[in-house]
Each structure stands twice: as C-alpha cells, then as structure tokens.
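**Student:** Quick one, fold the following:
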Amino acid sequence: MRPLRFAALGDSLTEGVGDPVGEAWRGWAALLAAGLTPPDAPVEFVNHAVSGAQTRDVLERQTPAALAGLPDIASVVIGVNDTLRCTFDIRAVAERLDEVYAAFTAQGAVLLTACLPDPGAMLGLPGALARPLARRQRAVNAVVHALSERYGAVHLHAAAGEWVADRAMWSADRLHPGERGHRQLALHFHALLARTGHATGPVPSPEPDFPEPTRAASLRWLATAGTGWVARRCTDLLPQLLTLAASEVRHRARGTSARLDLVATHAVASALAALTATGEQPDAA
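**Tutor:** Now for the predicted structure:
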C-alpha cells in the first residue's frame with residue numbers, strides 16, 4: 001500500500017517557525033502529518049513552505065513542486081506576508097489563491113486552508129498603525145473563506161478564539177506560535193479531517209515536548225533574528241504604513257472612518273466577482 005501523501009505550502013507559519021526541534025523547525029504541519037494515519041501506515045510528508053513567502057511564491061514555486069508529488073492532502077496557509085508589503089493587492093491575492101486551490105482540487109487532493117489572526121494586533125501596534133493591517137487581514141480572510149467554500153476545502157477558522165489571546169501559545173516574536181500554539185493548530189486540523197475520515201491516526205498531543213523558552217532566550221532571539229525580521233519589514237512596509245496611518249487619522253478626525261471599511265469590503269467583493277466574471281472558478285469540489 002502506497003503511503004498517504006501530504007504536501008504543506010505556505011510561509012514561516014507552516015515552515016514551523018516558533019517550534020524548534022534541534023537545529024530545524026517542526027511546526028503544526030509535521031505534527032498533523034504524524035496523526036493522519038495509524039502508526040503502522042506510512043505517511044509521505046513534504047513541507048514546501050518558506051519563511052517570507054507570499055501568495056505569488058506559493059503559486060509560482062511551491063504549487064508546481066507540490067503537484068508533481070501527487071498529494072492526497074495539501075495545505076495552503078498563506079496571506080499574512082502579502083498584508084505586510086507595500087505591493088498589497090487583494091484582487092491579485094484572490095486570483096493567485098483561486099488558481100492554487102483549483103490546481104489541487106482538480107488533481108483530487110483534499111485541500112486544507114485557514115483564516116489567520118491580524119498581525120497588527122499580535123504585535124500590539126498603536127491603533128492608527130494597526131487598523132490598516134487589520135483591514136487587510138480581514139480582506140485576505142474573507143477571500144480565503146469564500147474560495148474555501150467554493151472549492152470544498154477543509155477550512156480552519158484560526159483568526160480568533162482563546163488560542164489567539166493566550167500569550168502562552170505564542171513565541172517571542174508575537175507573530176509565530178510557539179510549540180504549544182503549533183500543537184493547537186495541528187489538533188484543530190486533525191479534528192476537522194477526522195470528521196470526514198481523512199485523519200485516522202492518533203490525535204496530536206496538546207502538551208509540549210520541550211520547556212518553553214525562558215525570557216532571556218526570548219530576548220536573545222529578538223535581539224538577533226528578530227531584529228533582522230523587523231528591519232526587513234520596516235524597509236518594505238513602513239513608508240506605506242505611515243501613509244495609511246495618516247489617512248486613518250484624517251478619516252477619524254472627520255468621522256468618516258467607516259468609508260475605509262466600505263472601500264475594503266467593496267475591493268473584496270470586486271475581486272471575487274472578477275473571478276466569477278472571467279469564469280476562472282470550477283464547480284465546487
């Protein structure tokens with residue numbers, strides 16, 4: 001009997017950042033893979049996720065490589081890095097995700113997707129800076145939710161809930177889950193797959209294998225790798241984010257903040273309508 005094939009696509013979240021094992025990252029996808037089949041049945045797990053990836057990277061690089069492996073299950077969890085770039089375009093995000101989802105469902109793979117928390121809130125940014133990022137993440141989540149329904153994906157609502165507010169679930173950078181958080185993601189995906197008979201192995205344990213990092217270790221990470229991450233994001237995003245924040249302040253002073261939400265909602269609706277108009281979506285799987 002050939003092994004069950006599981007391909008994971010995405011960014012640092014799926015790569016496993018925040019859940020170190022030895023010199024490598026493990027993460028929720030690897031934890032989930034161990035519970036997809038009984039212990040005596042093999043699983044072939046390939047993690048294509050790369051830190052910093054955007055929807056374009058998933059479409060152009062990760063998807064062709066994953067499709068070549070003929071996966072039975074494919075997870076596509078992506079979008080936060082798109083919101084953190086000055087090139088953010090919800091219509092382009094929708095078009096890329098539509099193409100990726102269509103490719104895997106056309107091949108017969110079970111598709112896993114997820115809505116994700118707002119990065120501005122996780123970082124504790126001031127309101128004028130956080131609101132534009134929150135609006136972008138809501139837009140991405142709305143697109144992911146709509147396309148997940150269209151393609152019959154196994155969809156996890158991970159954008160809110162107790163796990164998001166629980167500081168123990170998160171690593172030092174406050175953007176990536178720690179081991180406990182990765183285990184929660186694996187648990188929730190396993191439960192969804194078990195309901196449809198696609199996960200027949202042991203339920204992933206919620207308890208960490210390793211002690212949580214000390215405060216000193218967290219500070220060392222922030223002073224080394226974390227500093228580089230912040231610098232890269234600031235160089236790319238900060239100028240536009242300051243412009244967006246200035247717009248937030250102006251609209252708030254005029255009492256017209258609701259217009260920004262309406263514009264974002266219209267952009268999402270327009271992006272999804274454009275997919276329908278061009279006939280790019282297949283029948284729901």
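
**Student:** Test my guess that residue 115 contacts residue 164.
**Tutor:** No. In this structure residue 115 lies outside contact range of residue 164 using Cβ atoms under 8 Å: 11.0 Å. Heads up, the C-betas are built off the backbone N, CA and C, glycines and all.

**Student:** Can you check which residues contact both of these two?
**Tutor:** When contacts are counted by Cβ atoms under 8 Å, 6 or more residues apart in numbering, the set common to residue 115 and residue 164 consists of residue 158.

**Student:** what about those two, which has more around it?
**Tutor:** Residue environment comparison for residue 115 versus residue 164 gives the larger neighbour count to residue 115, 21 against 18, counting by other Cβ atoms under 10 Å.

**Student:** what separates that one from residue 15, distance-wise?
**Tutor:** Summarising the geometry, the distance separating residue 115 from residue 15, computed by Cβ to Cβ, to the nearest Å, is 19 Å.

**Student:** Could you pull up phi and psi at residue 6?
**Tutor:** Geometry field for residue 6 lists phi and psi as phi -120, psi 120, criterion degrees, to the nearest 10.

**Student:** Contact partners for it?
**Tutor:** Residues counted as contacts of residue 6 (Cβ under 8 Å, 6+ apart) are 29, 32-33, 36, 43-46, 71-75.

**Student:** for the record, mean pLDDT for stretch 160-175?
**Tutor:** Looking at stretch 160-175 alone, the average pLDDT works out to 84.

**Student:** Quick check: end-to-end length of it?
**Tutor:** Between the start and the finish of stretch 160-175 there is a gap of 14 Å, counting by Cα to Cα, to the nearest Å.

**Student:** chain center to that stretch: distance?
**Tutor:** 14 Å (Cα atoms, centre = their mean, to the nearest Å).

**Student:** what's the answer for stretch 100-114, then?
**Tutor:** Distance, centroid of stretch 100-114 to centroid of chain: 15 Å (Cα atoms, centre = their mean).

**Student:** and what of stretch 66-73?
**Tutor:** 19 Å.

**Student:** avg pLDDT for it?
**Tutor:** Mean pLDDT, taken over the full extent of stretch 66-73, equals 98.

**Student:** Between the two ends of that stretch, how far is it?
**Tutor:** 10 Å.

**Student:** same question, stretch 64-80
**Tutor:** Terminal residues of stretch 64-80 lie 21 Å apart, using Cα to Cα.

**Student:** Could you give me the buried positions within that stretch?
**Tutor:** Of the residues in stretch 64-80, 66, 67, 71, 72, 73, 74, 75, 76, 77, 78, 79, 80 count as buried by neighbour count, 16 or more other Cβ atoms under 10 Å.

**Student:** Contact partners for the nearest residue to residue 140 once chain neighbours are set aside?
**Tutor:** The shortest distance from residue 140 to any residue that is not its chain neighbour, by Cβ to Cβ, 6 or more residues apart in numbering, is 4.1 Å, and that residue is residue 79. The neighbourhood of residue 79, defined by Cβ under 8 Å, 6+ apart, consists of 55, 93, 97, 116, 137, 140, 141, 144.

**Student:** those strands in the stretch 51-200 of the chain, which residues are they?
**Tutor:** Residue ranges of the strands in the stretch 51-200 of the chain, as given by DSSP state E, counting those that start in this stretch, are 73-77, 110-115, 154-157.

**Student:** Let's have those strands in TSV, adding distance to residue 104.
**Tutor:** Listed next are the strands of the stretch 51-200 of the chain as TSV, based on distance: least, Cβ to Cβ, whole Å:
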stretch	distance to residue 104
strand 73-77	5
strand 110-115	5
strand 154-157	12
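
**Student:** Of all those, which one comes closest to residue 127?
**Tutor:** Among the strands of the stretch 51-200 of the chain, the nearest to residue 127 by Cβ to Cβ is strand 110-115 (22.1 Å).

**Student:** Give the other helices and strands that the closest one contacts.
**Tutor:** The criterion is 3 or more Cβ pairs under 8 Å, 6 or more residues apart in numbering; DSSP states H and E, and the helices and strands that strand 110-115 contacts are strand 73-77, helix 90-106, helix 127-150, strand 154-157, helix 179-195.

**Student:** The same query, at a cut-off of 7 Å, please.
**Tutor:** Contact here means 3 or more Cβ pairs under 7 Å, 6 or more residues apart in numbering; DSSP states H and E; on that basis strand 110-115 packs against strand 73-77, helix 90-106, helix 127-150, strand 154-157.
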